[in-house]
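Chemist: Need coordinates for the below:
(chains A, B and C)
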Amino acid sequence: MASEVVMPRLGWTMETGRVVEWLKADGDEVEAGDLIFSVETDKAVTEVESLDSGVLRIPPDAPEVGSEVVVGAMLAYILTPGESLPSPANHGAGSSAHESGGREHAAAVAAASRGDTFGDNGSGRNRMPRISPRARRAAKSLGIDWTTLIGSGSSGRIREQDVLGASSTREALPTEPFTPRASPGVRRLAQERGISLGDVPANGPGGRVTRADIRAIQAPPETVPGQGVALSPTRRITAQRMAESARAAAPVTLTTEADATDLIAIRARLKAELVSIPAEPGPLPSVTDLLVKLTGQALTRHPDLNASFAEDRIVRHPVVHIGIAVDSERGLLAPVIRNAARKSLHAIAEESAALIAGARAGTTALDDLRGGTFTISNLGMFEIDAFTPIINLPECAVLGVGRVVSRPVVRDEQTEEIAVRKMMALSLTFDHRVVDGAPAARFLQTLKGMIEQPYAWLMR
Amino acid sequence: MRELTFTTAAREGLDEEMARDPSIFVVGEGIGERGGNFNTTLGLYEKYGPERLRDTPIVERGFVGMCTGAAMTGTRPVVDFMFFDFILDAFGEMVNQTAKIQYMSSGRLKMPIVLRGCIGIGGSSATHHSGNYYPIFAHLPGWRVVLPTTPRDAKGLLKSAIRSDDPVLFLEHKLLLNAKGDVPDVDTDELIPFGKAVVRREGTDVTVVGFSLMVNRALEAAKTLEAEGISVEVIDPRTVAPLDIDTILTSVHKTGRLLVVDEDFAPAGMASEISALVTEQAFDDLDAPIRRLTGVQTPVPYSPSLESALVPNAAKIAQAIRNLIAE
Amino acid sequence: MLDTKVGTESADNGVDAGLDQAVILNLYREMVNIRRTEEQLARSYQGGHIPGACHTYVGQEAVAVGVCAHLRSDDVVFSTHRGHGHALAKGVPPRDVMAELFGKATGCSRGRGGSMHLFAPEVGLMGTTGIVGPNILQATGAGYSFKLLKSDRVSVAFFGDGAVNNGAFHEGVNMAAIWDLPVLFVCENNQYATEVPFNYATRNTEVAERARSYGIPGIAVDGNDVLAVFEAAAAAVARARTGQGPTLIECRTYRTRPHAEGMRDGGYRSIDEIASWKSRDPITALRDGAIARGIASAANFDAIDAEITAIVADALTFAMESPFPEPETATLHIYSTAE
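Modeler: Below you'll find the predicted structure:
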């Protein structure tokens, strides 16, 4: 029976090798133990001995000398006298099938054993008012807003007893579910506004909830001189972060104008097309979406601006994650679009629509607020031109986008030809601790260029 | 019930098992005629003879490896190693052989071997006679690790250890050896199962889990704090591999606060493991972070003033509890 | 080629004409079984079918076979990282060994062990091992069990020249000596521990002489002469079974393939040295010697060759076609009770 001569595994990690030289020729008689060919791996050249005796037959379709060959691949046969070469269809079929089976299996095992090693624990420490999980659970079940409590724990933490103490000074809430009394009109009003009647303090006759009660819930709390409004958690965090940024960073703002005529034209064109597509056209990209797309690519080309300052070193982030500032009832949030440089415009538009809706509804997940490497704040809808946005630490820069205004501009210095173009104000605040003026300016210039000739960049 | 010392109770358990099963034999230094450095085998040589109470040369690696082979071939060895520090010469055998034979043989070979001896700091025994080290073995697959704290448990757990087909580390704190306690009458044949903790003292304000001697010290602290109006629940796991985490979780659900007290060092220790398990499974029950009070991570010094500085005593435990209550 | 034996005990020179044909043919069969299986494993390793290590026993067959010929199924053997020969000689079928090296669920260790953790306690194979030394201690322990249980079973530790300077050798042999345990300590001195020459690792290269330090008999034999090994082992096993204690047997032999498949063979030893030992092949020596003395014919031996070739081919098919173990079984058997 013909025995196969295959590319041997000469080391535990070897996957391919090269036949350097046949030491016996096709047709030679060989004995078990004779050296028949030499193999080159990345380590060295080794001579390989035959395990069988017979006639060495190197088939015409055997791998060429010097070519890279996978371990286990058939190189030749050792035939007993009178035998002929197996047909080409049989070459290496058996061994390589098993080989790949083994390899796949090994890969599957390796994948399983690698496990989940990636864990982004988030950069910021929790600066919310401290409350123990047990107390939080108690507060939830008792319907108490613990953010107004003072913790009696030695570290300032709110403990279970603080929550229990707070609840015992109020009326005990009824334990069975009750239906709030309200007229149908009031019920409808509450439903329209997304308010749960059970949450509304009722001042009407017989404990009814009135329209005035609903309006009072939604009105801003009155401020009486001397009294304050308790900080909501969002307000508290915003205050802390803004102050931190102003204090720690060295902010410098650069402004410029970009000719956004083509950009706006693209958007108009997209709008027209999307209307005409019957099913699932997807959201129309906003100007901010377009800018996210372009900024992502500008940052890829200017990695200095996609970095953070960390006490004694500058950390460059390999991936671009862009936060978009969203104004909501709770305050200012900046949910993050991940990997913005590699996402299609369509994907960015879908994601930003979802994030903005979430922010406005108050359902943004904490993870969506973390991990950004750059932020864009668009105040153009409020007719703002340039402004000095505050850096969202630990990022090192933030782009403020102003309004798009049609103005006459000189298109050609030579001919002094004037045309009406749509100009967009751009303000870039950067942290001078991390980045100098020139690189920041170059980034802004690149971005301006992309805005002015956006087609190719938006296609990627 | 009779009042026996820890050592006497354990020896009684060993005697009962050796009478029951002639394949059980003991090896160690001085455990034959001499009856053991800690009297662990006093009187057994006369009963069972030199083949079953086998004095060895000073060859810890040798006799652990030898007993591993014996356990594979039909006998049930008990290695009496005296001080845990000594047995570390056999670390390779314990990790690579004893712990793995059942697995490598796909269960066709069992490993009914017990390694028993002293752990713990005390008596100025200094750094070659004061080791704890047991978390290392709780960390590995294959070992059972047993830390009895009372005479009754010493007897019942040693009997279970000898009857177990798994390799068991049976670790007796040297300062517990003369502790007295109630033990059921002879012929009760009480076997205490592994993986079953016991609530030594009930309480409502804080859960304290201790190991070995630390259980007793925690109980002392609890007594002191009772007068201050703090109600302490003390749990004795008895075995750390397998560990009865459910009893601890039930307690934390009640009290909301957990202190783990371990004479051994903090890094990568049993207190860390329990902290992680409770955080994972009872996060919302916690009213304060889990605290660990452990021995200071240093080789054990000789002078009494240094030695006592390293170890949690009742006063330190009480203060740690007070701090935890205040958090 | 049947060399004279060297040792502290007197022995016959040359082949013992009293050995009958059946014994000779059985010794031959067992050696060829090992040789063919190992060659196939080498081939399979090169073909990428063996995911882990493979330390072949080619050239040393006479030692495993000469010793195991005297062992019953209930005697026990504690082997080394180069243990396929011991496993096969003790009675583990080639298909069980091959499937195990292929990592299949049908292997003797159910895929958990591979080459260096072969277990078949049913036939007294108490493990090959990846660590040098512990098996000597465990063999002593088995001797202790057999003595305590008052059986006449025997325990054998196989180890190489690389083990004799390890503390486990010293402690294990000493304990067996002071307690008169029924143990054979068989040193396969193939002159290299991986690539470290034995005469570098010790000033006293006479392993058999070390027995004197422990007060037990020691004998050195030509490890490529299966009849010499057979005879020395016979005496040692008889001593052990009759309560006379342990023996140290040094078998001088050589492995003609690299330390492990896939490792280099050059650098630390010369091609001439390998060639000179290949010319002392224990299998051809037995065959040629027996034919020359008219104890058996070429046809007898050829028939055995054919038989073994078929068995090994069947083992290969079995190994190739067997399934891999299910991942869910990975945590079974850590403890004696299901967790």
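
Chemist: Wait, C:Gly83 touches C:His117, no?
Modeler: No - using CB atoms under 8 Å, C:Gly83 is not in contact with C:His117; the gap is 9.3 Å. All C-beta atoms are positioned from the backbone trio N, CA, C, and that covers glycine.

Chemist: quick one: which of those two has more around it?
Modeler: The neighbour count for C:Gly83 versus C:His117, taken as other CB atoms under 10 Å in any protein chain shown, is higher for C:Gly83 (27 against 22).

Chemist: What is the neighbour count of the closest residue to the more buried one other than its chain neighbours?
Modeler: Closest residue to C:Gly83 apart from its sequence neighbours, by CB to CB, 6 or more residues apart in numbering or on different chains: C:Thr128 at 3.1 Å. Each residue near C:Thr128 was counted by other CB under 10 Å, and the total is 31.

Chemist: Which helix or which strand is home to C:Thr128?
Modeler: Using DSSP states H and E, C:Thr128 falls within no helix or strand.

Chemist: Please apply the same query to A:Ile266.
Modeler: Secondary structure from DSSP H and E places A:Ile266 in helix A:261-276.

Chemist: Counting by contacts, list what that helix packs against.
Modeler: Applying 3 or more CB pairs under 8 Å, 6 or more residues apart in numbering or on different chains; DSSP states H and E, one finds that helix A:261-276 contacts helix A:287-301, strand A:417-431, helix A:437-452, helix A:455-459.

Chemist: buried stuff in the shortest one?
Modeler: Using 16 or more other CB atoms under 10 Å in any protein chain shown as the test for burial, helix A:455-459 gives A:457-458.

Chemist: circling back to that earlier point, can you pull the contacts of the residue nearest to C:Gly83?
Modeler: Applying CB atoms under 8 Å, 6 or more residues apart in numbering or on different chains, we find C:Thr128 in contact with C:79-84, C:86-87, C:113, C:115-118.

Chemist: How about C:Val154?
Modeler: Contacts for C:Val154 were tallied using CB under 8 Å, 6+ apart; they are C:71, C:75-76, C:143, C:146, C:182-184, C:237, C:240-241.

Chemist: hey, C-alpha coordinates of stretch A:182-197 in PDB?
Modeler: Extracted in PDB, the C-alpha atoms of stretch A:182-197 (Å, rounded to 0.1, in the frame of the first residue of the first chain):
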ATOM      1  CA  ALA A 182     -59.800  62.100  38.600                       C
ATOM      2  CA  SER A 183     -62.200  63.100  35.900                       C
ATOM      3  CA  PRO A 184     -61.900  61.500  32.500                       C
ATOM      4  CA  GLY A 185     -60.600  64.800  31.000                       C
ATOM      5  CA  VAL A 186     -57.900  65.000  33.600                       C
ATOM      6  CA  ARG A 187     -57.000  61.300  33.000                       C
ATOM      7  CA  ARG A 188     -56.700  62.000  29.300                       C
ATOM      8  CA  LEU A 189     -54.500  65.100  30.000                       C
ATOM      9  CA  ALA A 190     -52.300  63.000  32.200                       C
ATOM     10  CA  GLN A 191     -52.000  60.300  29.600                       C
ATOM     11  CA  GLU A 192     -51.200  62.800  26.900                       C
ATOM     12  CA  ARG A 193     -48.400  64.200  28.900                       C
ATOM     13  CA  GLY A 194     -47.100  60.800  29.900                       C
ATOM     14  CA  ILE A 195     -47.700  61.400  33.600                       C
ATOM     15  CA  SER A 196     -48.800  58.600  36.000                       C
ATOM     16  CA  LEU A 197     -51.700  59.900  38.100                       C
END
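
Chemist: Pull out the buried members of the contacts of C:Thr128.
Modeler: Buried members of the contacts of C:Thr128, counted by 16+ other CB under 10 Å: C:79-84, C:86-87, C:113, C:115-118.

Chemist: Inside helices: which ones of those?
Modeler: In helices, judged by DSSP state H, the following of those are found: C:84, C:86-87.

Chemist: ok, of the residues you listed, which one's closest to chain A?
Modeler: Nearest to chain A among those, counting by CB to the nearest CB, is C:His84 at 16.1 Å.

Chemist: State the pLDDT value of the closest one.
Modeler: Per-residue confidence at C:His84 stands at 97 (pLDDT).

Chemist: Do I have it right that it meets C:Gly114?
Modeler: No - counting by CB under 8 Å, C:His84 sits too far from C:Gly114 to count as a contact (11.1 Å).

Chemist: How much space separates whichever residue of the stretch 351-460 of chain A sits closest to chain B from chain C?
Modeler: Closest contact between the stretch 351-460 of chain A and chain B, by CB to the nearest CB, is at A:Leu366 (16.1 Å). Note on A:Leu366: its distance to chain C, by CB to the nearest CB, to the nearest Å, is 35 Å.

Chemist: Count the residues that sit near the residue in the stretch 1-150 of chain A positioned nearest to chain C.
Modeler: With CB to the nearest CB as the measure, A:Pro8 is the residue of the stretch 1-150 of chain A nearest to chain C, at 3.5 Å. Residues lying near A:Pro8 (other CB under 10 Å) number 26.

Chemist: and if you look at A:Ala32?
Modeler: Neighbour tally, A:Ala32, other CB under 10 Å: 12.

Chemist: Give me the local confidence score for it.
Modeler: On the pLDDT scale, A:Ala32 gets 86.

Chemist: now swap in A:Met128 and tell me
Modeler: 57.

Chemist: which residues in chain B form helices?
Modeler: For chain B, applying DSSP H gives helices covering B:6-20, B:44-48, B:60-71, B:84-87, B:91-92, B:101-104, B:134-139, B:151-163, B:213-226, B:245-255, B:270-282, B:304-310, B:314-326.

Chemist: which stretch among the ones you listed comes nearest chain A?
Modeler: helix B:314-326 (4.5 Å).

Chemist: helices and strands of chain A: which one bottoms out on pLDDT?
Modeler: Least confident element among the helices and strands of chain A, by mean pLDDT, DSSP states H and E: helix A:93-114 (a mean of 41).

Chemist: roughly how far apart are B:Thr322 and chain C?
Modeler: Just to correct that, residue B:322 is Arg rather than Thr. Relative to chain C, B:Arg322 is positioned 39 Å away (CB to the nearest CB).

Chemist: Save the ones in helices among the buried ones among the contacts of C:Thr128 as a markdown table, and put in distance to chain B too.
Modeler: Shown next, in a markdown table, are those (distance: CB to the nearest CB, whole Å):
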| residue | distance to chain B |
| --- | --- |
| C:His84 | 16 |
| C:His86 | 16 |
| C:Ala87 | 13 |
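
Chemist: Just give me the closest of those to A:Leu23.
Modeler: Of all those, A:Leu23 sits closest to C:His84, with 29.2 Å by CB to CB.

Chemist: Who are the contact partners of the closest one?
Modeler: By CB under 8 Å, 6+ apart, C:His84 lies in contact with C:34, C:37-38, C:41, C:55-57, C:97, C:115, C:118, C:128.
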